[in-house]
Structures are given as structure tokens and as C-alpha cells.
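Participant: from the sequence below, what's the structure:
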Amino acid sequence: MSKASDIIDQMFLKDPFSRWLGIERIEEHPGSVVLQMTVREDMLNGFGIAHGGICYSLADSALAFSANGHGIQSVSIETSISHTKPVQLGDVLRTQVIEENLTKKIGIYSIAILNQKNEKVALFKGTVFRTGKEWII
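Facilitator: Numbering: from 1, shown residues only. Got it, this is the predicted structure:
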């Protein structure tokens, strides 16, 4: 197991919301993870499509796991999302993370959310502050 996976294990155990989403951890590397989840009925909004917070939350978890996988405790300081396609009941969503920039204090990430047809359903951008505090594993 890698150091990134060990850190993400610690985070995931203390993250009931990510577990409630049904997130599966597919790949884990410092600076990039692939997460996957299936949209359930209790995740739909009044229009019968996935609530916007579902894609946002999946991307936010991918941001946290990707950034912290380097071994330095990192917290988000700015995030945004664009929803590009409706997400339906039963859709299988997965993350595609690109670490755009990493310095001693800041990390910038682009995260695409794709459905089972490999269509982009959301685009998320996140900036993290790297605290300088190392993860102890």
C-alpha cells in the first residue's frame, strides 16, 4: 500500500459523508485519485435529477484525497463547479483529477466528473491551502 492510500484510509474512516455517498476508491496517487459512486434515489432533487450537491460533494472528496495524498495536511480555500449535463438516477459517476499547480502553500486542481458513458457532467476547480503539517501514518 502507498503512503497516499494510508493517508486516504485515515481520512475516509473519519468521513461519514463520503461513505454515505457510496464512494468507491478506484485509484490513489499523490495529487490524483479516481473515485466512483452510483446515484441513488435519495440523491435526486425536485426535477428528478441528481441534486447539484452530489457532483460537488464527489469532487470535493476527490480534491481532499488528492491534495492530502502528498503527505501534507491540506484544506480547501476556494471551490467552484459548473454542471454541464443532467445526472440521472443510476448514473455511475467517476472523478478525473488534474493537479494544475502545487507549491509549498497552495495546490490548484481541476476535477471532471464523468458518467458511465464517459460524458463530462460537471467541471470542478478547487484550491487548497497546504498547512505544512505532515500526516502521521
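Participant: quick check: closest non-adjacent residue to Ala50.
Facilitator: In space, and not counting its chain neighbours, Ala50 is closest to Val87: 3.7 Å by C-beta to C-beta, 6 or more residues apart in numbering. Placement of C-beta: from N, CA and C, glycine included.
Participant: surely that neighbour is within a helix?
Facilitator: No. Val87 is assigned coil when assessed by DSSP: H, G, I helix; E, B strand; the rest coil, not a helix.
Participant: how many neighbouring residues does it have?
Facilitator: If you count neighbours by other C-beta atoms under 10 Å, Val87 ends up with 22.
Participant: look up phi and psi at it.
Facilitator: Main-chain dihedrals, Val87, degrees, to the nearest 10: phi -110, psi 130.
Participant: just checking, it touches Cys55?
Facilitator: Yes. Using C-beta atoms under 8 Å, Val87 is in contact with Cys55, at 6.3 Å.
Participant: list residues touching both of the two?
Facilitator: The contact sets of Val87 and Cys55 overlap at 93, 121-122 (C-beta atoms under 8 Å, 6 or more residues apart in numbering).
Participant: how far away from the center of its chain is the longest helix anywhere in the chain?
Facilitator: For the chain, the longest helix by residue count, based on DSSP state H, is helix 52-68. In this view, helix 52-68 has its centroid 3 Å away from the chain centroid, taken as C-alpha atoms, centre = their mean, to the nearest Å.
Participant: how about it: buried residues?
Facilitator: Using 16 or more other C-beta atoms under 10 Å as the test for burial, helix 52-68 gives 54-68.
Participant: which of these lies closest to Gly126?
Facilitator: Nearest to Gly126 among these: Leu63, at 4.0 Å, using C-beta to C-beta.
Participant: and the spatially closest residue to the closest one that is not a sequence neighbour, bridged to which residues?
Facilitator: Excluding its sequence neighbours, the residue lying closest to Leu63 (C-beta to C-beta, 6+ apart) is Gly126, at 4.0 Å. Beta-bridge partners recorded for Gly126 (DSSP bridges): Thr79, Tyr109.
Participant: model confidence for Gly126, exactly?
Facilitator: pLDDT for Gly126: 98.
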